[in-house]
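Colleague: Just a sequence and a predicted model for now, questions to come.
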Amino acid sequence: MDPVTHEEWTRRLRGLLILVSILFSILLLRLFHLQIATFAVYHRESEENRITHKTVRAPRGRIVDRNGEVLARNRASYTIFLISSTRKRNAEAVSALEKAIDDNITYSRKRSPTVRLKRDVDFRSVCIVEEGLSPDWPLQIEIEPQRDYPMGSLAAHVIGYMGQMQKDDLAIPRAKPYAAGDYIGRTGIEKVWEANLRGDDGLSYVEVDALGRRISDESPLPKGERPAVPGQELKLTLDLNVQRAAESALPDTLSGSVVALDARNGAVLAMVSKPSFDPNVFVSYQAQEERRRFVNGESQPMLNRAIRGLYPPGSTLKMIAAVAALEAGLTDTLSTFEACAGSLRVGDTVFHCFNRDGHGELNLLEATEASCNIYFNHLAQVLGVEAWRESAEKFGFGQVTGIHLAPGEKAGLLPSRQWYNEKRGGWRGGHLMNLVIGQGDMLATPLQMARYVAALGNGGFLVTPHLYGPAPLPRLIDGVSPATLDIVKRGMHRVVYGEHGTGHSVRIAGIDIAGKSGTAQVPNSNDDAWFVAFAPYDDPEIAVAAVVEGGGGGGAVAAPVVRRVLEAYFAGRPVSKRPVSRTADDAAPGPLAESGGT
């Protein structure tokens, strides 16, 4: 071999060996980097491809009445989920699902480990996904808690309803995290106590194959799973027995409201608004037509008339003038005015009594019993609007009661002389003639009326109506003496038991009741029927206010509604044998016949 050639060959071989050594060194370094230096990173990425996480929805807290009867709970519902893969793969899976169940599906295309495609599906759809689609597509069925209202429309305005989170909802900072598609309380207790009722969602992991399909084997899953924590159970002050009685007592053909309060502390025993709605339709994907019917209904079934319905209270307001006049020393149980002849002229206006033949000469107790408009018109003339309005304001009119409910309550309207100057072109004496008998521009909610009659019965304490939690302390009304309240209560007792009383139909054997009827004139409509009452007379436990829109006479229509509520409240209680005679100057109990009138 040529020495030069041999030397050249040796040099080339040495260079090749060096190159191979360098390449092997690079390969070893790369393997070291992949398998040792960055092992944790690539292992995590591998696990993320193999394992996906999903949110475990927390059950919402139950809502129960004071006796533990369930008003709102959760039921199991089936939801179809997509385990997200590539955009193309996701679209193909959704298309296969739409074809299989013959339904269009709208879903969020944002990147997420799992995507909710369809909620509350029927068992047929569950079988199609589980048996026909899951083996080939990244689709799976999950069981989620769904709100359920076993009582249907009973107490619906109190409990409220739920709706899906919208974009605007997600922008509002909240104490707990929410995601698109979550349900949130929209009205009632569901909204007011949302933070308490909503639980804390959990986290779980699911192992999937390369196509995103769920698999099951012995492979260990990562730590960090956490169970869902259910929301808080709320025990309301409602008594479903009283609530049922109130709802069934109201006519089905007319709108109206009933409110029953614990006269001692303001706990709401019943709150009815009719017509009502079924909150189940707002969490069901199969009830969209019914949902639209409730929302757009001409009879306004979504309106909570108990706290947002504004009504002239009619003769149920006459005790306000009685309190003011007694405190001012303008009348007593013996004083009388000019005899009621059925009408009274004030300026150019003639005001009428419901008894067009007149009641004759009456004192305060007799005028309350017979609900004589003319007596109270005379009383208003010597009383004046300022004193009357001050008395009404003391009993909570023209202001909210403070109940925590959504949507919020209305304050009503307690007109003043200034209000008439600004809104009605000036003040005239005839305005007070209407206001004193609960007509004109005076407006109140049924809840305000129940609180007002509770204060008359409980010794002058203004309670704060509440549905949950400890009772706020009642506030003693200033400037109203026990002697005044005693006279007013005696007049209300005579409404029920006096010979000329308008509240005979509220009587219950063995329960001593005081009440007042009202028939409120409404423009372009039939008269509203009112009745308010408290019982037992000597130590009131319950105060009730009922209004029936277009019902006519309060004594004939609204009083039987109140009687049904009182019967439900006192059911099973030991009672006295007969009503107690109040005083010597009270009329003896009349016959137990129904009586109409104001």
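Modeller: Structure's in. What do you need?
Colleague: Roughly how far does the nearest residue to Asn74 once chain neighbours are set aside sit from Ala100?
Modeller: Leaving aside its chain neighbours, Asn74 sits nearest to Pro145 (4.0 Å; criterion: C-beta to C-beta, 6 or more residues apart in numbering). In this view, the C-beta of every residue, glycine as well, is placed from N, C-alpha and C. According to C-beta to C-beta, to the nearest Å, Pro145 stands 26 Å off from Ala100.
Colleague: Have a look at those two and say which one is more surrounded.
Modeller: Neighbour count, other C-beta atoms under 10 Å: between Pro145 and Ala100, Pro145 has more, with 19 against 15.
Colleague: what's near enough to touch the more buried one?
Modeller: Shown in contact with Pro145 (C-beta atoms under 8 Å, 6 or more residues apart in numbering): Arg57, Ala58, Pro59, Arg60, Asn74, Arg75, Ala76, Ser77.
Colleague: Need phi/psi at the fifth one.
Modeller: Recorded main-chain torsions at Asn74 are phi -130, psi 140, according to degrees, to the nearest 10.
Colleague: was I right about it contacting Pro59?
Modeller: Yes. Using C-beta atoms under 8 Å, Asn74 is in contact with Pro59, at 4.8 Å.
Colleague: is it true that Val547 lies in a helix?
Modeller: No. Checked against DSSP: H, G, I helix; E, B strand; the rest coil, Val547 lies outside a helix; its state is strand.
Colleague: What distance do you get for it to Arg308?
Modeller: 13 Å.
Colleague: Which segments of the chain make up each domain?
Modeller: Per automatic domain parsing, the structural domains of the chain span 52-235, 240-570.
Colleague: coming back round to it: out of the contacts of Pro145, which one sits closest to Gly185?
Modeller: Arg60 (9.1 Å; C-beta to C-beta).
Colleague: what helices or strands is the helix or strand hosting Ile189 leaning on?
Modeller: Following DSSP states H and E, one finds Ile189 within helix 188-192. Secondary-structure packing of helix 188-192 (3 or more C-beta pairs under 8 Å, 6 or more residues apart in numbering; DSSP states H and E): helix 156-159, strand 183-185.
Colleague: just so I know, which of these lies nearest Asn458?
Modeller: helix 156-159 (23.0 Å).
Colleague: Quote the end-to-end distance of stretch 350-358.
Modeller: 14 Å (C-alpha to C-alpha, to the nearest Å).
Colleague: ok, and for that stretch, which residues are buried?
Modeller: Going by neighbour count (16 or more other C-beta atoms under 10 Å), the buried part of stretch 350-358 is Phe351, Cys353, Phe354, Asn355.
Colleague: So what's the model's average confidence on it?
Modeller: The average pLDDT within stretch 350-358 is 83.
Colleague: again, but for stretch 173-190
Modeller: Stretch 173-190 comes out at a mean pLDDT of 87.
Colleague: Distance from it to the middle of the chain?
Modeller: Computed by C-alpha atoms, centre = their mean, to the nearest Å, the chain-centroid distance of stretch 173-190 equals 15 Å.
Colleague: what residues does that stretch touch?
Modeller: 55, 63, 72, 108, 116, 119, 147, 156-165, 167, 169-170, 191-195, 197-198, 200-201, 234, 236, 282-283, 304, 405-407, 467-468.
Colleague: returning to that earlier point: to Glu7, which of the domains of the chain lies closest?
Modeller: Nearest of these (C-beta to C-beta): domain 52-235, 56.5 Å.
Colleague: PyMOL command to pick out the buried ones of the contacts of stretch 173-190?
Modeller: Buried residues among those (16+ other C-beta under 10 Å), as a PyMOL selection:
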select buried, resi 55+63+72+116+119+147+156+157+158+159+160+161+162+163+191+192+193+194+197+198+201+234+236+282+283+304+405+406+467+468
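Colleague: so of the contacts of stretch 173-190, which ones are in strands?
Modeller: Thr55, Ile63, Ala72, Arg116, Arg147, Met162, Gly163, Gln164, Leu234 (DSSP state E).
Colleague: And the furthest pair within those?
Modeller: Most distant of those, by C-beta to C-beta, are Arg116 and Leu234, 27.3 Å apart.
Colleague: if we can go back for a sec, more neighbours: which of Val547 and Arg308?
Modeller: Per other C-beta under 10 Å, whichever of Val547 and Arg308 has more neighbours is Val547, with 34 against 19.
Colleague: Which residues does the more buried one form beta bridges with?
Modeller: Here Val547 shows beta-bridge partners Ser257, Trp530, assigned using DSSP bridges.
Colleague: The ones in strands among the contacts of stretch 173-190 into JSON lines, with extra columns for pLDDT?
Modeller: Below are the ones in strands among the contacts of stretch 173-190 laid out as JSON lines (pLDDT from 0 to 100):
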{"residue": "Thr55", "pLDDT": "75"}
{"residue": "Ile63", "pLDDT": "98"}
{"residue": "Ala72", "pLDDT": "97"}
{"residue": "Arg116", "pLDDT": "77"}
{"residue": "Arg147", "pLDDT": "93"}
{"residue": "Met162", "pLDDT": "93"}
{"residue": "Gly163", "pLDDT": "90"}
{"residue": "Gln164", "pLDDT": "86"}
{"residue": "Leu234", "pLDDT": "98"}
